[in-house]
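**Q** Sequence and predicted structure below; questions after.
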Amino acid sequence: MYRIVLSADDLAGIRISDGAVPLLETVFALEALKETGEEGFHEWRRRVRRHLMNPTARAERIVRLSGRTDSCSALLDPSTRAQHPQALSAAQDFSRLAVAPHWEPIRVHLENAQESLRDTMGRHGVGVLLGRLGPGIRWRPPVLEVDGMGSGRLRPTGRGLVLMPSLFLHRPAQVVRNDRGDLQSAPLLVFPDRPRSEDLPGLLADGDAVRGDRREEIDSLAALVGRTRAAALRAVRESCGNAELAERLGVTTAAVSQHTAVLRAAGLISTRRRGSHAVHSVTQLGRLLMRGDDAQLRQMLSAPRAIVKQPATA
């Protein structure tokens, strides 16, 4: 059993990853290709394996990499990744074949999972969050016990821990060194997060028509509040001010003020003062809207005190 010993400083430094890392998902997808469980992956495995049966140099490189556990492990560590250029090249080939065609829905799913983790931590605290990371992970203060990683012990020594959901990881968890690569950066604890079993095949499905349907779902938020305001709502998930938001969106601060006023009136963001600056944060209603959680949205909107103004068209 692997044990992560968390000090008070580590608990205070626990945070949720921001965005998804294609290379990590690619390495975990290589491992998932060799698994046989989880019915939702069957069609994806069949399709990828059929491509790898073609007698091409790229297919041969990928097959060799999938059989090299040491090379896959080296790709997970930023300090050793550069020492394996052939493995990295094969992983990039595999990504183009098996991961990149589905990356947009994968990214959206993982970002929604991150929002859910932030919501749990904000509403219930770090202890509840650590206790809900999934099967094979147990929070027994001050130790986080992890199955499936062999025996070992990690003490972040005040650096904290970054929690990162993964679609393809099939083990209960995996500890990965942060891509910043310095000794002061917090390690990553990666753990699997799947959609509902009936939704997983669609997430990895093939075909332009299906991808078009997915794009419509992904753009639903933009259709509701406008594309720029949807981008603004996603940009303030970790809180930011007008100048930073203007830079992220590529608009003027005056335009930011207009968009945030509409989002605030709709109850999707809140704004507070920090010194002379305004800082915007997504509200619970905004997070539910981004996640597309219809059941909780209906419950919240039906509450007597829930009064939401209709945003103007962007």
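**A** Everything's here; your move. Note that this is a predicted model, so its numbers are computed, not measured.

**Q** any chance you could map the strands in the stretch 1-150 of the chain?
**A** Using DSSP state E, counting those that start in this stretch, the strands of the stretch 1-150 of the chain run over residues 2-5, 15-16, 137-140, 143-146.

**Q** and the ones you listed as CSV, adding mean neighbour count, mean pLDDT and distance to Ala57?
**A** C-betas here are computed from N, CA, C, even on glycine. Putting those into CSV (neighbours: other CB atoms under 10 Å; pLDDT from 0 to 100; distance: least, CB to CB, whole Å) gives the following:
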stretch, mean neighbour count, mean pLDDT, distance to Ala57
strand 2-5, 18, 97, 38
strand 15-16, 18, 94, 40
strand 137-140, 16, 97, 40
strand 143-146, 19, 98, 38
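
**Q** Tell me which of these approaches Gly152 most closely.
**A** strand 2-5 (4.8 Å; CB to CB).

**Q** can you list the residues that contact that closest one?
**A** 142-147, 149-156, 161, 173, 175, 189 (CB atoms under 8 Å, 6 or more residues apart in numbering).

**Q** Now do that strand: distance to the chain's middle.
**A** Put simply, strand 2-5 sits 23 Å off its chain's centre (CA atoms, centre = their mean, to the nearest Å).

**Q** closest one to Arg107 among the strands of the stretch 1-150 of the chain?
**A** Among the strands of the stretch 1-150 of the chain, strand 15-16 sits nearest to Arg107 (CB to CB), with 15.1 Å.

**Q** So in that sheet, which strands flank that closest one, and in what orientation?
**A** strand 162-166 (parallel) (DSSP bridges).

**Q** measure the residue nearest to Arg194 when sequence neighbours are not counted to Gly286 for me?
**A** Leaving aside its sequence neighbours, Arg194 sits nearest to Leu200 (CB to CB, 6 or more residues apart in numbering; 6.0 Å). For Leu200, the distance to Gly286 equals 27 Å [CB to CB, to the nearest Å].

**Q** Phe28 too?
**A** Using CB to CB, Phe28 is found at 30 Å from Gly286.

**Q** can you check Val48 too?
**A** 37 Å.

**Q** neighbour-wise, which of these two wins?
**A** Shown here are Val48 and Gly286; by other CB atoms under 10 Å, Gly286 has more neighbours (24 against 20).

**Q** The more buried one is in contact with Leu268, isn't it?
**A** Yes - counting by CB atoms under 8 Å, Gly286 does reach Leu268; the two are 3.8 Å apart.

**Q** Identify the contacts common to the two.
**A** Leu233.

**Q** quick one on the thing from earlier: compute the number of surrounding residues for the residue nearest to Arg194.
**A** Counted with other CB under 10 Å, Leu200 comes out at 20.

**Q** and what of the one 3 residues further on?
**A** The local packing of Leu203 (other CB under 10 Å) involves 19 other residues.

**Q** separation between it and Val108?
**A** From Leu203 to Val108 the distance is 9 Å (CB to CB).

**Q** for the record, mean pLDDT for the longest helix anywhere in the chain?
**A** What stands out as the longest helix in the chain, according to DSSP state H, is helix 103-124. Averaging pLDDT along helix 103-124 gives 86.

**Q** Stretch 270-284 now?
**A** 79.

**Q** can I see the domain layout of the chain?
**A** 2-192, 219-302 (automatic domain parsing).

**Q** which of those domains has the lowest average pLDDT?
**A** Taking the mean pLDDT of the domains of the chain, domain 219-302 comes last: a mean of 77.

**Q** And the contacts of stretch 110-120?
**A** Residues contacting stretch 110-120 (CB under 8 Å, 6+ apart): 16-20, 128-129, 132, 163, 165-167, 193, 234, 237, 284, 287, 290-292.

**Q** Quick check: the gap between the residue positioned nearest the centre of the chain and Ala32.
**A** What sits nearest the mean C-alpha location of the chain, by CA atoms, centre = their mean, is Leu110, with 3.2 Å. From Leu110 over to Ala32 the distance is 15 Å, taken as CB to CB.

**Q** Now Pro187. Nearest residue, chain neighbours left out?
**A** Val175 (5.6 Å).

**Q** The one you found and Phe191 touch, don't they?
**A** No - at 10.2 Å, Val175 and Phe191 do not qualify as touching, with contact defined as CB under 8 Å.

**Q** Compare these two (neighbour count), which wins?
**A** Phe191 (20 against 16).

**Q** Quick check: phi and psi on that one?
**A** Dihedral pair for Phe191: phi -150, psi 150, per degrees, to the nearest 10.
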